[in-house]
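Chemist: Predicted structure and sequence below. I'll ask about it afterward.
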Amino acid sequence: MASESVKRDWSIRDFEIGKPLGKGKFGRVYLAREAKSKYIVALKVIFKEQIEKYRLQHQLKREMAIQTSLRHPHVLRLYGWFHDAERIFLILEYAHGGELYGELRRSGHLSEKQAATYIASLTHALAYCHEKHVIHRDIKPENLLLDHEGRLKIADFGWSVQSKNKRHTMCGTLDYLAPEMVENKAHDYAVDNWTLGILCYEFLYGVPPFEADSQADTFRRIMKVDLTFPSTPHVSAEAKVLITQLLVKDSAKRLSLENILKHPWIIMNADPNGTFPK
Ligand SMILES: Cc1cc(NC(=O)CCC(=O)c2ccc(F)c(C(F)(F)F)c2)ccc1-c1nn(C(C)C)c2ncnc(N)c12
């Protein structure tokens, strides 16, 4: 699939369409199978009139170029795409394990081993993206999927796909944005380091650290870095140290991706091959 997906021109006739996986602002996504190789993929249908209506042609082209160029075990593959008169079809890696979000909602919070394994996977994926000069900027549980072995995959929905089970967060939540993003200031790669701190907190406590009843209150809590840790036995002091070293207002002072991977909490808890014993 990898070699073919780059050169040949695909068309809808090459695929057998399966069950719908979810629907989004621009169209639906289906389980599908490439007819010859029987290779399973997720096929996302985007309606051209929606893209034209929001004048997203260039942004979509840029996203497609970025996503087809990324090759990393923790970044969901975009194998290729094709279009007909009114639709654009994206041929995506199928994440058999579904949404990490679902796992977090079901269990309330993750164990330190699960949380550390996911943070280490995300850190590896972000180090790769940053090497390719790609800042993700939109990492949140919504965009995190799991493969059949429970390995994390960063997916970039562009515009979030609302899967079947309704999400609890409104789209456009501020919870995951760094201070310089919510202030609309110039931002750099370190915004992703901040978001790793947000996600680590949410994996361990079940809610993001600056959650509030209104966006205005969330905004105020982010700008103040109003970070508090509920007292609970299942979160170690080392985990709190890592979160505190990432949720730093001055982006230059946030722990680097390299030092996250050397952090005692990650070394002690992350499973090196990214799965972790269930
Ligand atoms: C549906 C789905 C899509 C994606 N990726 C994208 O769609 C990229 C699209 C994009 O970048 C884009 C689109 C419009 C647009 F206007 C722009 C712009 F212009 F703004 F930049 C950008 C990744 C994974 C899934 C996915 N979803 N699910 C279920 C949870 C439903 C899955 N379950 C299993 N496996 C899966 N792969 C999935």
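Modeler: Cool, got the structure.

Chemist: buried sites along stretch 244-256?
Modeler: If you call a residue buried by 16 or more other Cβ atoms under 10 Å, then stretch 244-256 has these buried ones: 245-248, 251, 254-255. No exception for glycine: its C-beta is placed from N, CA and C like everyone else's.

Chemist: Could you tell me the per-residue confidence at K166?
Modeler: In the predicted model, K166 carries a pLDDT score of 39.

Chemist: hmm, back to that, tell me the two of the buried residues of stretch 244-256 that are most distant?
Modeler: Checked with Cβ to Cβ, those reach their widest spread between Q245 and S251, with 12.8 Å between them.

Chemist: Of the buried residues of stretch 244-256, which belong to helices?
Modeler: Among those, the ones falling in helices (DSSP state H) are 245-246.

Chemist: could you dump the buried residues of stretch 244-256 to TSV with pLDDT?
Modeler: Below are those laid out as TSV (pLDDT from 0 to 100):
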residue	pLDDT
Q245	98
L246	98
L247	98
V248	98
S251	95
R254	98
L255	98
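
Chemist: Tell me where the model's unsure across the stretch 1-150 of the chain.
Modeler: Confidence mapping of the stretch 1-150 of the chain against pLDDT under 70 gives the ranges 1-7, 137.

Chemist: Which secondary structure element is home to the residue of it found nearest the ligand?
Modeler: Nearest residue of the stretch 1-150 of the chain to the ligand: G22, at 2.9 Å (Cβ to the nearest ligand atom). Per DSSP states H and E, G22 falls inside strand 15-24.

Chemist: Can you list the strands that that strand pairs with?
Modeler: Paired neighbours of strand 15-24 in the sheet (DSSP bridges): strand 28-34 (antiparallel), strand 161-163 (antiparallel).

Chemist: quick one: which of these is nearest G98?
Modeler: Comparison of these against G98 by Cβ to Cβ identifies strand 161-163 as nearest, at 7.7 Å.

Chemist: following the closest one, which helix or strand shows up next?
Modeler: Next helix or strand after strand 161-163 toward the C-terminus (DSSP H and E): helix 179-182.

Chemist: could you say what helices and strands that next one packs with?
Modeler: Helix 179-182 is packed against helix 190-205, helix 215-224, with contacts defined by 3 or more Cβ pairs under 8 Å, 6 or more residues apart in numbering; DSSP states H and E.

Chemist: go with 6 Å
Modeler: If you count contacts as 3 or more Cβ pairs under 6 Å, 6 or more residues apart in numbering; DSSP states H and E, helix 179-182 packs onto helix 215-224.

Chemist: and the helix it packs on, which residues are buried?
Modeler: Per 16+ other Cβ under 10 Å, helix 215-224 contains these buried residues: 218-219, 221-222.

Chemist: got the residues you listed as TSV, with distance to the ligand columns?
Modeler: Supplementary listing: the buried residues of helix 215-224 in TSV, determined by distance: Cβ to the nearest ligand atom, whole Å:
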residue	distance to the ligand
T218	24
F219	24
R221	28
I222	24
